[in-house]
Every structure is written in C-alpha cells, then in structure tokens.
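Asker: Here is my input; please provide its structure:
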Amino acid sequence: MIRPVRLPTHGPVSIDDDAIPADELSDALLRQLLPRLRRFALRLTRDPVSADDLVQSTLERALTRWSSRRPQGDVRAWLFTILYRQFLDSQRRTRRYARLLDWFTGADAAAPSAEREAIARSSLDVFERLPEAQRTLLWLVCVEGLSYKAVADLFEVPLGTVMSRLSRARSALRELHEGQAGEAHLRILK
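Answerer: You can find the predicted model right below:
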C-alpha cells in the first residue's frame with residue numbers, strides 16, 4: 001500500500017468529478033490515474049513491459065519533482081506530460097544508442113551509392129563553410145542531441161537566444177546548400 005505524501009499545495013484537484021485533495025499524493029489519486037497512465041504508455045510503446053517501465057519512471061519523476069509542480073495545475077495533465085516527455089527521451093536515447101552501435105560494429109559497412117556519397121560530401125563542405133559559432137551550435141543540437149536548455153546553460157545565454165541562433169544557422173545552411181543545387185555534377189542515367 002502506498003502511504004500518502006504531504007505536499008505543499010492548496011485546494012482540491014478534480015479528476016472525474018471526484019474531489020481529491022491536491023496537498024497529498026494519495027493511494028486514491030494513484031489508483032485513479034494509474035490505469036489511464038498505463039493505457040497511454042501502452043499506446044505509445046505498444047509493449048506491456050515497456051509501458052509498465054514508462055509509468056514507473058513517470059511516477060518516480062513526479063514524486064521527486066513534486067515541489068516544482070505548479071500548485072494550481074492539473075495533476076493528471078502534469079503526469080501525462082511527464083510520461084510523454086519520458087517516452088520521447090527514451091526514444092531519442094534508443095536512436096542515439098543504435099547509431100553508435102552501428103558505427104562501432106560497422107553495421108553500416110555496405111558501400112553507399114555514388115549519389116549518396118556525393119550528397120554527403122557536398123553537405124559536409126557546406127557545413128564547413130558556416131561560421132564556427134553556427135557549426136558548433138548545429139553540432140551540439142543536431143548531432144549530439146543536446147536540448148536547447150542544455151545548450152543555453154552551456155553557453156550561459158537565454159533559451160530564446162539559442163533558439164534564434166539555431167534558426168539562423170539552419171537558414172544559413174539551407175541557403176548555402178541551395179546555392180550549390182545548381183552546381184550538381186551528377187547525371188541521372190537510365
């Protein structure tokens with residue numbers, strides 16, 4: 001049985017017309033929300049074991065971060081948001097791990113086509129022509145997978161600054177790449 005945890009908030013939270021005090025994360029609240037969280041997790045993961053793990057990590061995060069929750073916010077929406085973000089984070093980690101595993105094991109050893117290789121070289125050449133600050137920002141966000149917040153903390157700038165600089169870097173990359181589109185040296189043979 002889960003013991004109630006006293007939390008510093010005000011007023012009741014209404015979930016399905018049942019008033020549950022929001023100042024405690026009680027057994028009744030969890031009993032009401034767990035089936036919904038699990039159903040949503042199952043829909044996202046399509047695997048019962050992964051769904052259970054996702055719900056567990058969601059509840060763990062919610063319990064450890066309860067003090068940072070907005071007191072007037074809806075507990076159910078907050079928990080669903082945590083669950084969805086946990087799912088996205090796990091997907092990103094899985095993709096990043098798979099790429100690293102492929103790289104280290106040489107699973108991508110199949111020779112790329114000449115066209116793909118030419119496009120890749122062209123893209124890298126264009127990337128190298130960007131200013132150092134834009135290259136660094138694109139590398140950290142797009143290749144390393146850092147969040148905007150992490151990059152903002154790294155450079156000690158506001159989050160909005162990172163977002164606008166990243167937008168300008170992507171635009172510059174696109175413009176440079178489109179400028180080379182007319183210079184294509186490949187012919188399509190039939």
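Asker: And A51, how close does it get to R38?
Answerer: For A51, the distance to R38 under the criterion Cβ to Cβ, to the nearest Å works out to 6 Å. C-betas here are computed from N, CA, C, even on glycine.
Asker: ditto for S67
Answerer: Counting by Cβ to Cβ, the gap from S67 to R38 is 25 Å.
Asker: ok, the two, which is more surrounded?
Answerer: The residue with the greater number of neighbours, taking S67 and R38 and applying other Cβ atoms under 10 Å, is R38; the counts read 17 against 8.
Asker: For the helix or strand R85 falls within, enumerate the helices and strands it packs against.
Answerer: Assigned by DSSP states H and E, R85 falls within helix 75-105. Based on contacts counted as 3 or more Cβ pairs under 8 Å, 6 or more residues apart in numbering; DSSP states H and E, the elements that helix 75-105 packs against are strand 12-15, helix 27-45, helix 48-64.
Asker: Check which element follows that helix along the chain.
Answerer: With elements assigned by DSSP H and E, the helix or strand that comes after helix 75-105 is helix 114-129.
Asker: May I see the buried residues of that following helix?
Answerer: Neighbour-count burial for helix 114-129, counted by 16 or more other Cβ atoms under 10 Å, picks out S122, V126.
Asker: tell me the domain ranges of the protein?
Answerer: Domain assignment for the chain, taken from automatic domain parsing, gives 5-98, 114-181.
Asker: Would you mind giving these as JSON lines with mean pLDDT added?
Answerer: Formatted as JSON lines, these follow (pLDDT from 0 to 100):
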{"stretch": "domain 5-98", "mean pLDDT": "79"}
{"stretch": "domain 114-181", "mean pLDDT": "84"}
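Asker: how far out from the middle of the chain is the helix or strand where L173 lies?
Answerer: Secondary-structure assignment from DSSP H and E places L173 in helix 159-181. What separates the centre of helix 159-181 from the centre of its chain is 21 Å, taken as Cα atoms, centre = their mean, to the nearest Å.
Asker: in that helix, what's buried?
Answerer: By neighbour count, and taking 16+ other Cβ under 10 Å as the criterion, the buried residues in helix 159-181 are V162, R165, L166, A169, A172, L173, H177.
Asker: Check which helices and strands it sits against.
Answerer: Packed against helix 159-181 by the contact rule (3+ Cβ pairs under 8 Å, 6+ apart) you find helix 114-129, helix 132-138, helix 148-155.
Asker: elements contacting the second one?
Answerer: Yep, that's helix 132-138 we're talking about. Helices and strands in packing contact with helix 132-138 are listed as helix 114-129, helix 159-181; criterion 3+ Cβ pairs under 8 Å, 6+ apart.
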